[in-house]
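Chemist: Give me coordinates for this.
(one chain, ligands or ions: 1)
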Amino acid sequence: MILDIIKIRKDFPILEQKVNGKQLVYFDNAATTQKPIQVIEALNKFYTEQNSNIHRGVHHLSQIATTKFEESRITIQKFINASKSHEIIFTRGTTESINLVASSFGKKFITDGDEIIISEMEHHSNIVPWQIIAEEKKAILRVLSFDDNAEISIENFKKLITPKTKIVAINHISNSLGTINPIKEIIEISHKKSIPVLIDGAQSASHIKIDVNDLDCDFYCFSGHKILGPTGIGVLYGKEQFLNAMPPYQSGGEMIDTVTFEKTTFKGLPFKFEAGTPDISGAIGLAKAIEYIKSIGIEKIAEYENELLNYATEKLISINGMKIYGNARQKSAITSFNIGNIHPYDIGILLDQLGVAVRTGHLCTQPIMNHYNIPGLIRASYAFYNTFEEIDIMIDGIKKVKQMLE
Ligand code: PMP
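Modeler: Residues are numbered from 1 along each chain as shown. Next up is the predicted model:
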């Protein structure tokens with residue numbers, strides 16, 4: 001065994017509970033991951049010993065809170081290998097990070113007739129903000145489609161680029177199909193034409209080693225809660241040259257230098273993009289989560305999750321009527337499927353009765369549902385604290401549910 005799962009599971013107290021009288025099997029990790037006790041304790045410690053607002057106070061607690069908050073920024077900087085800590089902007093999550101770029105980059109750099117490239121397998125969070133700015137600026141959204149294996153083609157991508165392309169925004173890993181996209185190639189091709197690239201890393205930050213310097217992406221976004229951290233905190237990494245050139249997204253306290261009724265001047269990075277009191281405990285909790293991941297080793301996590309994926313896929317396809325959506329050669333530990341004509345909600349609700357938590361529905365990717373002409377999917381997404389035995393429980397559950405419904 002690559003990981004000491006028994007030891008790891010002791011760090012996640014929530015996994016010990018029973019749901020509907022059955023041992024909980026938590027396979028909704030792509031929606032949000034569970035939190036290790038180390039993160040929970042860091043939050044507890046913050047509110048029992050360190051709580052204060054940051055950056056403004058000269059007093060003891062404010063200085064501790066400020067130091068912890070800024071140390072968290074450096075932990076994140078190192079985790080994704082950004083060159084400068086002020087290239088790390090704290091946000092509420094991936095959604096806010098993408099909205100920030102779409103709105104602020106859009107205001108500055110996108111004009112009438114320009115084009116924005118996204119893919120057909122984006123989460124709504126990486127579609128709608130671009131649609132809104134495109135409408136405002138009379139720009140055009142170009143969509144890179146995916147093929148029968150749920151893969152995008154580099155040749156098709158090259159064809160979509162025109163002299164009008166202003167930005168490419170694409171996910172690293174699809175939350176519905178599990179596809180790991182060839183982002184390095186996409187970035188290289190785009191940069192040859194001086195087009196910046198935003199990577200939606202919501203599904204990749206906790207599964208793949210991220211090195212923004214090596215990737216050379218211009219923006220990279222992720223959410224704390226999908227990487228063992230708290231909800232309400234997220235990250236936007238942006239290259240200094242772009243962040244400096246972009247106007248503020250929100251305004252108010254923390255982000256100003258001087259204010260008079262005639263004119264306001266803004267602080268430099270990262271504060272220019274962090275208006276108002278941030279999620280201080282969230283940032284500290286996220287840094288703890290990253291330390292936890294580092295202590296286990298992200299390469300080992302990836303290897304183990306890949307074994308879970310292979311095992312689950314093999315077992316799932318042995319079920320009669322099973323159709324798995326997303327068979328990319330490079331795939332993350334996500335299995336989305338339907339069985340015969342059974343509605344995904346029915347399977348989800350009955351699996352819950354057996355203690356198995358899966359997600360059902362459009363998974364915030366309605367264009368993917370339209371691509372396949374289906375109402376929804378059942379998604380089981382795995383994390384490194386899951387076990388092969390839990391997959392067996394889900395498979396037995398699916399077989400029982402199938403018998404009941406057919
Ligand atoms: N992009 C992808 C690929 C996602 O999976 C998600 C969350 N499901 C998001 C964006 C949005 O993340 P959040 O809700 O944390 O902002």
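Chemist: Not counting residues beside it along the chain, what's closest to residue 210?
Modeler: Of all residues beyond its chain neighbours, the one nearest residue 210 is residue 80 (4.7 Å), with distances taken as Cβ to Cβ, 6 or more residues apart in numbering. For the C-beta atoms, the positions are set from N, CA and C on the backbone; glycine is no exception.
Chemist: how many neighbours does the one you found have?
Modeler: One way to gauge burial is a neighbour count; for residue 80, by other Cβ atoms under 10 Å, it gives 22.
Chemist: again with the one 10 residues further on
Modeler: Residue 90 is surrounded by 24 other residues when neighbours are defined as other Cβ under 10 Å.
Chemist: ok, it - contacts?
Modeler: 73, 233, 234, 235, 270, 274, 278, 279, 283 (Cβ atoms under 8 Å, 6 or more residues apart in numbering).
Chemist: For the third one, list each beta-bridge partner.
Modeler: With DSSP bridges applied, residue 234 shows beta-bridge pairing to residue 91, residue 223.
Chemist: any idea how far residue 285 is from it?
Modeler: Separation of residue 234 from residue 285 (Cβ to Cβ, to the nearest Å) stands at 12 Å.
Chemist: Please enumerate the shared neighbours of these two.
Modeler: When Cβ under 8 Å, 6+ apart defines a contact, the residues bordering residue 234 and residue 285 alike are residue 224.
Chemist: Residue numbers of the stretch 51-200 of the chain in contact with the ligand?
Modeler: 93, 94, 95, 123, 125, 126, 171, 175, 200 (Cβ under 6 Å from any ligand atom).
Chemist: can you rerun that using 5 Å?
Modeler: 93, 94, 95, 123, 125, 171, 175, 200 (Cβ under 5 Å from any ligand atom).
Chemist: Widest-spaced pair of the residues you listed?
Modeler: Comparing every pair within those by Cβ to Cβ identifies 93 and 171 as the most remote, at 14.3 Å.
Chemist: Show me which of those two is the more surrounded one.
Modeler: For residue 93 versus residue 171, neighbours defined as other Cβ under 10 Å are more numerous around residue 171 (29 against 24).
Chemist: related to what we said a few turns ago, kindly reformat the contacts of residue 90 as CSV containing pLDDT.
Modeler: Written out in CSV, the entries for the contacts of residue 90 read as follows (pLDDT from 0 to 100):
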residue, pLDDT
73, 98
233, 98
234, 98
235, 98
270, 98
274, 98
278, 97
279, 98
283, 98
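Chemist: for the residues you listed, which one is nearest the ligand?
Modeler: Of all these, the one sitting nearest the ligand is residue 234; the distance, using Cβ to the nearest ligand atom, is 6.2 Å.
Chemist: was I right about that closest one contacting residue 88?
Modeler: No: taking contact to mean Cβ atoms under 8 Å, the distance of 10.9 Å between residue 234 and residue 88 leaves them out of contact.
Chemist: Give me the three-state assignment for the closest residue to the ligand within the stretch 251-400 of the chain.
Modeler: Residue of the stretch 251-400 of the chain nearest the ligand, by Cβ to the nearest ligand atom: residue 364 (5.7 Å). Of the three states, residue 364 takes coil according to DSSP: H, G, I helix; E, B strand; the rest coil.
Chemist: okay, now it: neighbour count?
Modeler: In terms of burial, residue 364 registers 17 neighbours under the definition other Cβ under 10 Å.
Chemist: quick one: it from residue 146, how far?
Modeler: Per Cβ to Cβ, residue 364 is found 16 Å from residue 146.
Chemist: residues in contact with the residue nearest to residue 300 when sequence neighbours are not counted?
Modeler: Nearest residue to residue 300, sequence neighbours excluded (Cβ to Cβ, 6+ apart): residue 2, at 5.2 Å. The contact partners of residue 2, taken as Cβ under 8 Å, 6+ apart, are 300, 303, 304, 307.
Chemist: Tell me, please, where in the stretch 1-150 of the chain the pLDDT is lower than the cut-off.
Modeler: The stretch 1-150 of the chain contains no residues with pLDDT under 70.
Chemist: So which residues of it form helices?
Modeler: For the stretch 1-150 of the chain, the helices defined by DSSP state H, counting those that start in this stretch occupy 5-10, 37-45, 60-79, 94-109, 128-137.
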